[in-house]
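>>> Starting from these lines, generate the structure:
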Amino acid sequence: MSETLLIAGTFVLALIATIALIVVRRRLDRTHQTRVETIEHRLAETHSVERTHLERPPTLRELAVVDRTDDDRPVYVPIVRFDLGMTEAPSMDLVFEFVGSTLETVHPILVADPDVRIRHYDVQFTFGPSGLFVSRLCQRVSVPLELVDRLCRDAKYRKFDLQRDVRDGDAGDGETPPVMWGDCREYRRSDDSSDGAGNVR
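Numbering: from 1, shown residues only. Just a heads-up that it's a prediction; the model follows:
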């Protein structure tokens, strides 16, 4: 009798734990989706066609989970992409105008959330000809968190200061932030060991 009760009790506890896990997972998924929608909405507001002269505003390509803290909170790398619609490579001045405006838009949203930890930001740019046998180039600027914090908090720190510090801090490996102008594919190769990603699209 006692053995039957023990088995039944174990089964009930396992069922309760499973239900609780499903509820928490759904709540986290809803929170993640709300976070993504908020960022996309703000990017559309701050980078409208009228303001940027681009065909469409930038998109949040990924909110990638690349690590976890000691208390199991996810560590993110937000990836924002600009489709420039030009055949030639953009100037670095133009690139950093967009990098700076992106960070000033996205970072305050994410740091306001106590559950979010950021490793760094990637801002990607596609350009060049596209067609049946050729695809657009994709280059990225990776900015470490300390530079993003400074850009958003220090009014004297401007976009050209950010450009200088990213350039001077780039180790040239194409992987470790800061990265001045790296291949977008390098990010995927350097992040193969991550524990998963929250893909947006």
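>>> Now do the SS call for the spatially closest residue to Asp149 that is not a sequence neighbour.
Excluding the flanking residues, the one nearest Asp149 by C-beta to C-beta, 6 or more residues apart in numbering is His107, at 7.7 Å. Yep, even glycine has a C-beta here, placed from its N, CA and C like the rest. Classification of His107 by DSSP: H, G, I helix; E, B strand; the rest coil places it in helix.
>>> quick one: contacts for His107?
By C-beta atoms under 8 Å, 6 or more residues apart in numbering, the contact list for His107 reads 118, 121, 148-149, 151-152.
>>> Please list only the buried members of those.
118, 121, 148, 151-152 (16 or more other C-beta atoms under 10 Å).
>>> Bridge partners for the residue nearest the centre of the chain, pull those for me.
Using C-alpha atoms, centre = their mean, the residue of the chain that lies closest to the mean C-alpha position is Pro78, 0.7 Å off. Note on Pro78: beta-bridge partners Leu63, judged by DSSP bridges.
>>> surely it meets Val66?
No - if you go by C-beta atoms under 8 Å, Pro78 and Val66 don't touch, sitting 10.7 Å apart.
>>> what residue ranges in the chain score low on pLDDT?
Scanning the chain for pLDDT under 70 picks out 1-30, 131-134, 187-201.
>>> again, only this time at 80
Across the chain, the ranges flagged by pLDDT under 80 are 1-31, 130-135, 186-201.
>>> which residues in it form strands?
With DSSP state E as the criterion, the chain has strands at 59-68, 74-83, 117-118, 120-127, 137-144, 179-183, 198-199.
>>> would you list these in TSV and tack on distance to Phe98?
Shown next, in TSV, are the strands of the chain (distance: least, C-beta to C-beta, whole Å):
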stretch	distance to Phe98
strand 59-68	13
strand 74-83	6
strand 117-118	19
strand 120-127	7
strand 137-144	9
strand 179-183	13
strand 198-199	23
